[in-house]
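Chemist: Prediction below, plus the sequence it came from.
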Amino acid sequence: MPFIPAPGILQAELVYNWDSQVVQNVLQFEPDTALTPTLMLEVGLFLRNWWNTALKGSSPSNLQLVNIKLTDLTTVNAPSFNYATGLPLVGTGGSPSLPNNCALVITKRTIFRGRSFRGRIYHPGLYESIVSGNTVDAGAVTSFVTAWSQLISFTTTGAAWNMVVMSRYSDLAPRSEAVSTEVLSMDSDGVVDSQRRRLPRRGA
């Protein structure tokens with residue numbers, strides 16, 4: 001697969017150990033200034049502190065945030081770092097969790113409609129007491145959407161950041177350069193969804 005550049009865009013991968021499986025949430029952010037290694041590491045610190053405050057207490061004890069991979073998507077050889085200071089962080093919420101494939105889908109919405117302008121976060125670590133049948137408790141849904149929405153825009157020491165939805169393909173054809181569109185809001189229908197690759201022996 002050819003590399004498709006996204007100039008000035010930072011990709012942040014939240015890497016978890018969930019019941020001995022590798023699980024990830026992949027996010028993209030755009031700063032209001034030129035992207036530098038220093039700014040990238042600032043985002044690593046921000047995301048670690050955010051997860052510790054916003055999600056650790058509602059995550060099961062078998063879910064751990066173990067690494068934050070930060071990649072400059074400007075060129076194929078641009079900087080990339082693993083931020084692991086102060087990690088792992090272990091969930092302190094309910095236990096046991098549901099199987100690894102179970103997730104709450106949180107939709108990232110931009111000003112435009114269509115597949116190129118909408119993204120998804122598969123929130124990991126649902127546990128039994130907040131799920132009834134196929135539905136996540138409304139209070140938990142609100143809490144998770146509120147937590148992830150804190151990443152729509154934030155400020156670190158050196159920059160202000162906006163989350164973006166990134167599109168690398170159009171009509172199945174690769175773009176010469178990725179299109180990035182600012183995220184304006186997030187929501188969820190509260191239905192338990194599935195991410196099969198998170199199951200044992202399915203791959204990260």
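Modeler: All right, it came through fine. The shown structure was predicted, so the numbers you read here are calculated from the model rather than taken from an experiment.
Chemist: can you count the residues close to T146?
Modeler: By the criterion of other CB atoms under 10 Å, T146 has 11 neighbours. Heads up, the C-betas are built off the backbone N, CA and C, glycines and all.
Chemist: Next: N101.
Modeler: By other CB under 10 Å, the residues close to N101 number 18.
Chemist: Which secondary structure elements does whatever helix or strand Q64 lives in sit against?
Modeler: Per DSSP states H and E, Q64 falls inside strand 63-72. When contacts are defined as 3 or more CB pairs under 8 Å, 6 or more residues apart in numbering; DSSP states H and E, strand 63-72 sits against strand 10-18, helix 37-54, strand 80-83, strand 89-90.
Chemist: what about these, which gets the closest to G158?
Modeler: Closest of the helices and strands packed on strand 63-72 to G158 is helix 37-54, at 5.1 Å (criterion: CB to CB).
Chemist: tell me which residues in the closest one are buried?
Modeler: Buried residues in helix 37-54, defined by neighbour count with 16 or more other CB atoms under 10 Å: L39, M40, L41, E42, V43, G44, F46, L47, R48, W50, W51, A54.
Chemist: Who are the packing partners of it?
Modeler: Against helix 37-54 (3+ CB pairs under 8 Å, 6+ apart) you get strand 10-18, strand 63-72, strand 80-83, strand 89-90.
Chemist: if we go to 10 Å?
Modeler: strand 10-18, strand 21-31, strand 63-72, strand 80-83, strand 89-90, helix 138-149, strand 153-155, strand 160-170 (3 or more CB pairs under 10 Å, 6 or more residues apart in numbering; DSSP states H and E).
Chemist: In its sheet, which strands sit next to the last one, and in what direction?
Modeler: In this case it means strand 160-170. Within its sheet, strand 160-170 is paired with strand 21-31 (antiparallel), strand 153-155 (antiparallel), strand 173-182 (antiparallel), according to DSSP bridges.
Chemist: what's the answer for the shortest one, then?
Modeler: Taking DSSP bridges as the criterion, strand 89-90 forms sheet pairs with strand 63-72 (antiparallel).
Chemist: just to revisit the earlier point, now the helices and strands packed on helix 37-54 as JSON lines including mean pLDDT?
Modeler: Shown next, in JSON lines, are those (pLDDT from 0 to 100):
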{"stretch": "strand 10-18", "mean pLDDT": "97"}
{"stretch": "strand 21-31", "mean pLDDT": "96"}
{"stretch": "strand 63-72", "mean pLDDT": "98"}
{"stretch": "strand 80-83", "mean pLDDT": "97"}
{"stretch": "strand 89-90", "mean pLDDT": "98"}
{"stretch": "helix 138-149", "mean pLDDT": "98"}
{"stretch": "strand 153-155", "mean pLDDT": "98"}
{"stretch": "strand 160-170", "mean pLDDT": "90"}
